[in-house]
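Trainee: Fold the following for me, if possible:
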Amino acid sequence: MDKEKFDEEFEKLWNENPASHSENEKEASWEQFQTSTFAKKKTKSKPWHYYAAASVLLFVLIGTGIYFNGNSLNENNVIAETIIENTSSAIKYVTLPDSSKVELSPNSKISYGANFALNRKIEIDGEAFFKVKKDKQHPFQVFCDETTTTVLGTSFTVKESENEEITVELFEGSVQMNVKGQKQKWILKPGEKFTYGNQKASLTEFSRFVDFDNEKLTAVSDYIQENYGYSVMIPQEYSNQKITIRINKKEDLKTIVQLISEMYNLNFEINEDLKQITFQ
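Mentor: Numbering: from 1, shown residues only. You can find the predicted model right below:
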């Protein structure tokens, strides 16, 4: 409808006496006015704003999908391609594709998906000690039951007990703890232990060191035998030597051996086949 005809129609309606019409008549008149005035304008209008609205809706739906997918990935959604079990009675040493180290305890297993170096998500059943290679671009996540441990590079243990209680002990670095369905996050510092069981979480301290205070060197040998599975041969003249030392409970064995070697000016040899360390 052109502007001149529009003005005529509008003036005609304006000049009508509203009292002379019933409510039904006025409503019918108004509908007729709308139809005659705006019908063509609607057919000619471009539907770009509908497309825009659809795009916004699609964006919201996609965004929501990403959000929920992101949560699901952080909530124990590891598609296992590789499963490593320890059915022996000794600790199993594992090197992951990203060069991180795992000490897998007996009757425990870990599983992770393809492309692990880029998607560092791993699931554990049982107990393991992790020494994670630092990679700021790819956080390392350990899933155990309802808990998620997220790290960039550190060393810690994750353990699930028979009553489904989860404990995480941090030895080095920093980790963030999340529990499925909870918004709260827990940031652990070295020497702190996170415990989750019966839908309750707590943060306490633990001793991450073992101290030898003026004890015989053979006491350290016994400690190595018990915790690392290597027998230690020390020259007879050094067996009664006293030592005062603090050792991180998850220290590399070779670091401990090198330290003893330097303290007493001894050479050493490690026989991996016999699991034996000889000082001389």
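
Trainee: Just give me the neighbour total for the nearest residue to Gly181 once chain neighbours are set aside.
Mentor: The shortest distance from Gly181 to any non-neighbouring residue, by Cβ to Cβ, 6 or more residues apart in numbering, is to Glu146 (7.5 Å). C-beta coordinates here come from the backbone N, C-alpha and C atoms, glycine included. Residues near Glu146, counting by other Cβ atoms under 10 Å, number 16.

Trainee: my guess is Glu164 meets Gly197, correct?
Mentor: Yes. The criterion here is Cβ atoms under 8 Å, and Glu164 meets it with Gly197 at 6.7 Å.

Trainee: Now do the helices for the stretch 151-280 of the chain: every range, in order, please.
Mentor: Secondary structure of the stretch 151-280 of the chain (DSSP state H, counting those that start in this stretch): helices at 217-228, 253-264.

Trainee: now what about the first one, what contacts it?
Mentor: The reference is to helix 217-228. The contact list for helix 217-228 (Cβ atoms under 8 Å, 6 or more residues apart in numbering) reads 210, 212, 230-232, 234, 238-243, 245, 247, 249, 253, 256-257, 260, 264, 277.

Trainee: please redo it, this time with the cut-off set to 6 Å
Mentor: Applying Cβ atoms under 6 Å, 6 or more residues apart in numbering, the contact partners of helix 217-228 are 212, 230-232, 238-239, 241, 243, 253.

Trainee: Most neighbours out of the residues you listed, which is it?
Mentor: Neighbour max across the contacts of helix 217-228 (other Cβ under 10 Å) = Val232, 20 neighbours.

Trainee: From Met233, how far out is the closest residue to that one other than its chain neighbours?
Mentor: With sequence-adjacent residues excluded and distances taken as Cβ to Cβ, 6+ apart, Val232 is closest to Ser221, at 3.8 Å. Ser221 sits 8 Å away from Met233, going by Cβ to Cβ, to the nearest Å.

Trainee: Who has more neighbours out of the two?
Mentor: Ser221 (19 against 13).

Trainee: Pull up the gap between that one and Phe279, please.
Mentor: Distance from Ser221 to Phe279, by Cβ to Cβ: 9 Å.

Trainee: Over to Asn119?
Mentor: 44 Å.

Trainee: likewise Asn178?
Mentor: Asn178 is 45 Å from Phe279, by Cβ to Cβ.

Trainee: and what of Glu172?
Mentor: Between Glu172 and Phe279 the computed distance is 27 Å (Cβ to Cβ).

Trainee: Where does pLDDT dip in the stretch 101-250 of the chain?
Mentor: Residue ranges of the stretch 101-250 of the chain with pLDDT under 70: 152-153.

Trainee: how about Ile166, what does it touch?
Mentor: 144-145, 147, 160, 196.

Trainee: Could you rerun that using 10 Å?
Mentor: 124, 144-147, 149, 158-160, 177, 179, 194-197, 201 (Cβ atoms under 10 Å, 6 or more residues apart in numbering).

Trainee: now do Val179
Mentor: 75, 145-148, 166, 185-186, 194, 196, 199-201.

Trainee: So which of those residues are in strands?
Mentor: Cross-referencing these against strands under DSSP state E gives 147-148, 166, 185-186, 194, 196, 200-201.

Trainee: ok so, going back, now for Ser221 and Phe279: what residues contact both?
Mentor: 232-234, 260.

Trainee: now for these, which pair is the farthest apart?
Mentor: Greatest spatial distance in the shared contacts of Ser221 and Phe279: Met233 and Ile260, 12.2 Å, computed using Cβ to Cβ.

Trainee: between these two, what contacts are shared?
Mentor: With Cβ under 10 Å, 6+ apart as the test, Met233 and Ile260 both reach 221, 268, 277, 279.

Trainee: Same list (the residues you listed) but as TSV, adding distance to Leu104.
Mentor: Compiled in TSV, the shared contacts of Met233 and Ile260 are given as follows (distance: Cβ to Cβ, whole Å):
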residue	distance to Leu104
Ser221	25
Phe268	27
Ile277	22
Phe279	29
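
Trainee: Give me the buried subset of those.
Mentor: In the shared contacts of Met233 and Ile260, burial by neighbour count holds for 221, 268, 277, 279, counting by 16 or more other Cβ atoms under 10 Å.

Trainee: These in strands, which ones?
Mentor: 268, 277, 279.

Trainee: can you pull the contacts of the second one?
Mentor: By Cβ under 10 Å, 6+ apart, the contact list for Ile277 reads 221, 224-225, 228, 230-234, 253-254, 256-257, 260-261, 268-271.
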